[in-house]
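Undergrad: Structure here, sequence nowhere to be found:
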């Protein structure tokens, strides 16, 4: 029992001081709703409120340099969680900005106030996931994120496929979270605690029955795997990604995956492993469950299934959905080896993945705005009708494949180097083979844009100057970070150190 | 057989039978109403486990809230209460698959629960669950408590947003 | 304390979870699937309370409260989505929601 007294209150104040970014997000969420109610005439008032709130959050996140546990050790604020929060916040800001340009969102004079406040709420959920070290809080935060994403996926509710996507998402999501909490309840029965650190201490004694531990571990993994769309929990991804509004698809594919990876890394490394020593950057998995093998199987399945299914797709949103599954598979490789180099590679990869994936979805959105289609066949001749955007798309696709001098290459380079360093040669070979397969379907998009249909003489597509500038910025960032990646790696290095 | 055992088996029977009705009944209204009995049965088991407060909450939240919601959903969306179980080969295959998975899960879970080494502690003062729960909610889990408030707000707004007719 | 062994409660919860899984796997009606999910969540709650009560630690019961709150929220959002889809298609059978192929 915790004693309630002056001590507790001062502790609470200290915790609140470390919790400012999240507090700002909550305030943003509430203020956005209220502003939307008061100023009904201004359509985008909620959007600007949320954007302003995000910038304030970014500032507080930047200013907050204390690290440690807060709220009776239920959350941990450290550079590792800060990194993922930055990724999530950056994604949210980009998504809000590109949502202004989305045609399907503003079609039929729809009210969009709730859309933006939901994004703020979802960001809060993801922030919480990144730092929680208690299973109760992890579950709550995951559900906060999921509930808002169910709503966002079905936001254009008079569009049938959006409602269907949302229904599938909510049903499968509820099932997977049910399985996850069953796992949590078993782990509670084994160790008597929800705190990851206490669970770690208990598992370290080795005085536990193995079978329940394995089952509960896999059940929890199923819940988290659903969020990062790792096979075999990926089956919802293509449907939901195709049905949801494009901006939300992009958001789910980056931000909610980032949150999923943050909690996965924390859960596996904090509960089931221990650093060998302070100086040696390797984690030792406790006897009982061979987590490395479990994760390796998961990783191979995920990337192979994702890549092989992507080849047959004729809808570009589905193609990018499968490609995002494959990318989750690559990133899982970094966790398999359980070295600090591996975790570093995941973080670097994620930064690059954010740039390229958001860019690709952005171009898809712009083209769908004009042509009203996401089918691959409608991309024939786009290279001549919208040369600048098609050029940007090529950069993003090359980056997704991992070809130098783009950002994706750096991500893959660090990842494969880490895997090979850890002597998981077969895993690295499968990863490289998968990248080769992925080249095939990315090239198919490029071929449609530039090589096929040169004889077609359709009108060039007109885009507003702002939308082209944003596309150029994203494409430029892809190349910039492909060449000057040093600062990112240095920053990530600091973040990984905080995990020990 | 003493009183405790009789009560336990009574509630266990209620839970299992009504849960089976929920899942297997062809009439969706029967399913909804037998869900009521499942919730009551589980609440009874909670009380038997000295978790009186949780038991009461179970009745208030599940029966008073969730079940009413589900019954409204049934009434609004279903006109026909017909068969909705899959027919034909694919239906049979699905049944076979579900049966095998179920059997394996059940065997595995029972083995696990019989052989598992579970934590047991001093079963402490059983009259003070409300006090303990209140203290924990306001100290260690205060953040979770507040986060749950945000979650509920998001859910309310989201449900209203999706559920209403076109604005 | 009562004489029912802890294993009985756990087993009961396990069976309840399995029944819920059967419902999820075999039914096509979205609302019945939601009911089956509620069964799964109830079994989780039973497991947690059983552990918590035999261990003499209330944090298991705390978790039960959160599970209940989230179950209510999930049911509300889920049924709202079912309603929205019903307005469009007049069906709530999950596999008839098939514009998106598997």
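TA: Perfect, I can see it now. These numbers come from a predicted model, not from an experiment.
Undergrad: Against which helices or strands is the lowest-mean-pLDDT helix or strand in chain B packed?
TA: Of all the helices and strands that make up chain B, helix B:88-115 has the lowest average by mean pLDDT, DSSP states H and E, namely a mean of 73. In terms of contacts (3 or more C-beta pairs under 8 Å, 6 or more residues apart in numbering or on different chains; DSSP states H and E), helix B:88-115 is packed against helix A:210-228, helix C:6-26. For every residue, glycine as well, the C-beta is placed using N, CA and C.
Undergrad: again, only using 6 Å
TA: For helix B:88-115, the contact count by 3 or more C-beta pairs under 6 Å, 6 or more residues apart in numbering or on different chains; DSSP states H and E identifies helix C:6-26 as packing neighbours.
Undergrad: Okay, angle between the helix it packs on and helix B:88-115 too, please.
TA: Note on geometry: by axes from the mean of the first three to the mean of the last three C-alpha atoms, to 10 degrees, helix C:6-26 and helix B:88-115 are set 160 degrees apart in direction.
Undergrad: pLDDT averaged over helix C:6-26, what's the number?
TA: Over the span of helix C:6-26, the pLDDT mean works out to 88.
Undergrad: Check stretch A:46-53 too.
TA: 94.
Undergrad: sorry, back to before: just how off-centre is the least confident helix or strand of chain B within its chain?
TA: When C-alpha coordinates are averaged (C-alpha atoms, centre = their mean, to the nearest Å), helix B:88-115 and its chain have centres 20 Å apart.
Undergrad: Tell me the helix or strand right after that helix.
TA: Beyond helix B:88-115 on the C-terminal side, the first helix or strand identified by DSSP states H and E is helix B:129-138.
Undergrad: So which elements touch the helix or strand following that following helix?
TA: Sequence order places helix B:142-163 as the next helix or strand after helix B:129-138, per DSSP H and E. Here helix B:142-163 touches helix A:135-153, helix C:59-89, going by 3+ C-beta pairs under 6 Å, 6+ apart.
Undergrad: In contact with residue A:249, which residues are there?
TA: residue A:241 (C-beta atoms under 6 Å, 6 or more residues apart in numbering or on different chains).
Undergrad: Can you classify it as helix, strand or coil?
TA: Put simply, residue A:249 is helix when judged by DSSP: H, G, I helix; E, B strand; the rest coil.
Undergrad: ok, residue A:49 - contacts?
TA: In this structure, residue A:49 makes contact with A:31, A:32, A:35, judged by C-beta under 6 Å, 6+ apart.
Undergrad: Who's the closest spatial neighbour of residue 115, skipping the chain neighbours?
TA: All of this is about chain A. On the basis of C-beta to C-beta, 6 or more residues apart in numbering or on different chains, the spatially nearest residue to residue A:115 that is not a chain neighbour turns out to be residue A:155, at 5.7 Å.
Undergrad: Chain B is the one I meant
TA: The spatially closest residue to residue B:115, leaving aside those adjacent along the chain, is residue A:209, at 6.7 Å (C-beta to C-beta, 6+ apart).
Undergrad: Enumerate every residue touching residue A:212.
TA: Contacts for residue A:212 (C-beta under 6 Å, 6+ apart) come out as A:186, A:190, B:112, B:116.
Undergrad: Same check on residue A:428?
TA: With contact set as C-beta under 6 Å, 6+ apart, residue A:428 has these partners: A:416, A:419, A:420.
Undergrad: Quick check: the second one vs residue A:432, distance?
TA: Pointing back at residue A:419 there. If you measure residue A:419 against residue A:432 using C-beta to C-beta, to the nearest Å, the figure is 10 Å.
Undergrad: for the residue nearest to residue B:115, phi and psi?
TA: In this entry, residue A:209 is assigned phi and psi values of phi -80, psi 140 (degrees, to the nearest 10).
Undergrad: which stretches of chain B have low pLDDT?
TA: For chain B, the stretches with pLDDT under 70 are B:1, B:78-92, B:121-128, B:166-167.
Undergrad: hang on, the earlier thing: mind checking which of the contacts of residue A:49 land in helices?
TA: Among those, the residues falling in helices (DSSP state H) are A:31, A:32, A:35.
Undergrad: any idea which of the contacts of residue A:212 has the most stuff around it?
TA: Neighbour counts for those (other C-beta atoms under 10 Å in any protein chain shown) peak at residue A:186, which has 28 neighbours.
Undergrad: mind checking pLDDT for it?
TA: According to the model, residue A:186 scores 90 on pLDDT.
Undergrad: can you pull the contacts of it?
TA: Contacts were defined as C-beta under 6 Å, 6+ apart; by that measure residue A:186 touches A:212, A:216.
Undergrad: secondary structure element for it?
TA: Per DSSP H and E, residue A:186 falls inside helix A:160-191.
Undergrad: so what's whatever residue of chain B ends up closest to chain A closest to, chain neighbours aside?
TA: Among the residues of chain B, residue B:158 lies closest to chain A, at 3.5 Å counting by C-beta to the nearest C-beta. The spatial neighbour of residue B:158 that comes closest, neighbours along the chain excluded (C-beta to C-beta, 6+ apart), is residue A:151 at 3.5 Å.
Undergrad: With respect to residue B:3, which of the helices and strands packed on helix B:142-163 lies nearest?
TA: Nearest of the helices and strands packed on helix B:142-163 to residue B:3, taken as C-beta to C-beta: helix C:59-89 at 24.1 Å.
Undergrad: now the angle between helix B:142-163 and that closest one, please.
TA: Computed with the same axes, to 10 degrees, the direction of helix C:59-89 lies at 10 degrees from that of helix B:142-163.
Undergrad: Counting neighbours, which bits of helix C:59-89 end up buried?
TA: C:59-87, C:89 (16 or more other C-beta atoms under 10 Å in any protein chain shown).
Undergrad: Up against chain A, what does chain C have?
TA: Residues of chain C lying close to chain A (C-beta under 6 Å from any C-beta of the partner chain) are C:24, C:33, C:37, C:40-41, C:44, C:47-48, C:51, C:55, C:60, C:63, C:66, C:70, C:73-74, C:77-78, C:81, C:84-85, C:88, C:97, C:99-100.
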